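1. fold the following and give me the result.
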Amino acid sequence: MHRTRNSCRTSQQARRHALCRIALLFVLVAPGELAAQPGTGVSQAPLTFGILPIGGASESLDAWRPTLEDMSRALLRPVRSISVSTYEGLADAIAEERVDIAFVSGRLALHAVGEHRMQVIAQLTRDDGSHGYYAVLLVSKNSPIHSLDDIYSKPNHWRYARGESLSMSGYLVPETQLFASHKLDSDTFFANVVVGNHQNNALAVANNEVDVATNNTADLERFAQHFPEQYARLRVLWKSDLIPHAVIIVRDDLSPQLRAAITDFITHYAKRGRSAPAELANLKLIHDISGFAPASNAALIPFADIDYTLERRRALSAQWVSDAAMQARLQKIENSHRALVRRLNTYSAANSNSP
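-> Numbers count the residues shown, from 1 in each chain. Coordinates of the predicted model:
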C-alpha cells in the first residue's frame, strides 16, 4: 500500500494489531510434532521457532522446514515454526513469549535481548566468508537519478520504498548514513513513502511504482534468482558500510541443558558427519547460508552503535529551545549507549562458560 508522508505513521498502530492476529495464521507444526507419539523418539514440550521474514511468510516457512525437522529429531521434541510478513509481527510474537528460538536481524535481536529475556547463541555464516552484508539503494536502470545529490536536490519529489523501522538494511542503516547525516527524515523528505519487505520494494522499483528503494546485497542475490527479468531493470545507486549478519536468539529462561543442546545443534549443523552435505543443502534453501558460528550478546554491539549514531544525528538536527537542552539530550543518548554496551559485554562474559 502506498502512503503519503503524512499517513505513513498514522496507520502503524492499527496495522500492528492486525499483524498480531495474522501471525497466528502462519504457525505451522514441523512433522516432528505430528510424530510426538509413544515410540517415535520425540518427546517433551514443543519449542517454537520464529523466522525472520525473507520474501513471503509462506516462502520462509517452506525454506526453514527441513532444518527444523532435523532440529526436532536432534532435540527429541517437537519444533513449531512461526513466520510473519513483517518484522513487527515477529517482534510482537517475541514480546508475547510465543517464541523460544528465533532467527532475527541485529536490531530486532537487540530489542529482544534488552526487553524480552532473549540471548544470542549463534550468528549466520556464508560460503564466501563474509562477515556481513550491505544495505543498498536501488533505482531503475533508466532512472534520471544518477547520484545521491540527484535525490537530495529534489525534496518532496521522489517516490520512496523502505523497510520497516526494525529492518537494519531496509531502514536503520540508510536512515543513519544517508538521511540523518544530512539532517533529513526520509518519511518527510520524499513525496511518497511505501513500507514493505525487500522483495516487494525491489519489484516496486522494477515496475516503476517507486523511484528509489532500500534493499541489501544478500536479499538482492536471492531476488536475482527468483525474478531475473525484474532484476535486470535495477541499478544499485549506493552501498552502505558493512552490516553484521543476522543471529539466532533463544529465551534465557530455558534450562541451561536445553539451551546447550539447541546451541550445539545450530552451531554444528551442516558441519559434521555423513549428513553434513544434506544439511548444507537444507541451509541453502533459506538464504545461501553455510552455517551458524557460536556467538554471544556482544555480537549485537555493532547494531547498538548504529542505533546510537542515528539517535545522535537526529538530536543534532532537531530544533531545541536552548543549547543546554540539546546537550542534555546528547548526554542521555551517550549514557544509555554506554550502559547498553556494558550490559551486552557483561552478560556475554558471564555466560561464556555456561553449559
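2. when you work out contacts or count neighbours from here on, use the C-alpha atoms and nothing else.
-> Noted.
3. now the strands for the stretch 151-300 of the chain?
-> Along the stretch 151-300 of the chain, counting by DSSP state E, counting those that start in this stretch, strands occupy 159-162, 192-195, 212-216, 234-244, 247-251, 291-294.
4. poorly predicted segments of the stretch 101-250 of the chain, please.
-> Within the stretch 101-250 of the chain, not a single segment meets pLDDT under 70.
5. wouldn't Asp185 be in contact with Glu175 here?
-> Yes - judged on Cα atoms under 8 Å, Asp185 makes contact with Glu175 at a distance of 7.4 Å.
6. what about these two, which has more around it?
-> Higher neighbour count among Asp185 and Glu175: Glu175, with 23 against 16, using other Cα atoms under 10 Å.
7. from Leu220, how far off is the nearest residue to the more buried one once chain neighbours are set aside?
-> Computed as Cα to Cα, 6 or more residues apart in numbering, the closest residue to Glu175 that is not its neighbour in sequence is Ser186, at 6.9 Å. From Ser186 across to Leu220, the span is 22 Å (Cα to Cα, to the nearest Å).
8. before we move on, the earlier item: looking at the strands of the stretch 151-300 of the chain, which is nearest to Gln225?
-> Evaluated over these, closeness to Gln225 peaks at strand 234-244, with 13.6 Å, by Cα to Cα.
9. tilt between that closest one and strand 212-216?
-> On the basis of axes from the mean of the first three to the mean of the last three Cα atoms, to 10 degrees, strand 234-244 is oriented at 40 degrees to strand 212-216.
10. sheet partners, orientation included, of strand 234-244?
-> strand 132-140 (antiparallel) (DSSP bridges).
11. and the partner strand, how far from the chain's centre?
-> Relative to the centre of its chain, strand 132-140 is centred 15 Å away, using Cα atoms, centre = their mean, to the nearest Å.
12. tell me which residues in it are buried?
-> 132-140 (16 or more other Cα atoms under 10 Å).
13. how about stretch 274-285?
-> Buried-residue list, stretch 274-285, by 16+ other Cα under 10 Å: 279-285.
14. mind putting the residues you listed into CSV with distance to His268 and pLDDT?
-> What follows is the buried residues of stretch 274-285, written out as CSV (distance: Cα to Cα, whole Å; pLDDT from 0 to 100):
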residue, distance to His268, pLDDT
Glu279, 10, 95
Leu280, 11, 94
Ala281, 14, 94
Asn282, 14, 93
Leu283, 12, 92
Lys284, 15, 88
Leu285, 18, 86
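15. in a markdown table: those residues, plus distance to Asn207.
-> Shown next, in a markdown table, are those (distance: Cα to Cα, whole Å):
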| residue | distance to Asn207 |
| --- | --- |
| Glu279 | 37 |
| Leu280 | 35 |
| Ala281 | 33 |
| Asn282 | 32 |
| Leu283 | 31 |
| Lys284 | 28 |
| Leu285 | 27 |
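16. narrow those residues to those in helices?
-> 279-285 (DSSP state H).
17. tell me which of these is nearest to Glu59?
-> Leu285 (10.0 Å).
18. how far away is that closest one from Tyr231?
-> 20 Å.
19. helices along the stretch 151-300 of the chain, start to end?
-> Using DSSP state H, counting those that start in this stretch, the helices of the stretch 151-300 of the chain run over 173-174, 186-189, 198-206, 217-226, 228-231, 256-268, 276-287.
20. picking up where we left off before, wait, the residue nearest to Glu175 touches Leu178, no?
-> No - contact criterion Cα under 8 Å: Ser186 and Leu178 do not qualify, at 9.1 Å.
21. so Asp128, which state does it fall into?
-> coil (DSSP: H, G, I helix; E, B strand; the rest coil).
22. roughly how far apart are it and Ile289?
-> With Cα to Cα as the criterion, Asp128 and Ile289 are 10 Å apart.
23. of the two, which one has the most company?
-> Taking other Cα under 10 Å, Asp128 and Ile289 do not tie; Ile289 has more neighbours (17 against 9).
24. hmm, Gly50 and Arg102 touching each other?
-> No Arg there; residue 102 is Ala. Yes - counting by Cα under 8 Å, Gly50 is a contact partner of Ala102 at 4.3 Å.
25. go ahead and flag the most central residue of this protein.
-> With distances taken as Cα atoms, centre = their mean, the chain has Ser105 as the residue nearest its mean C-alpha position (2.7 Å).
26. that concludes my questions; thank you for your assistance.
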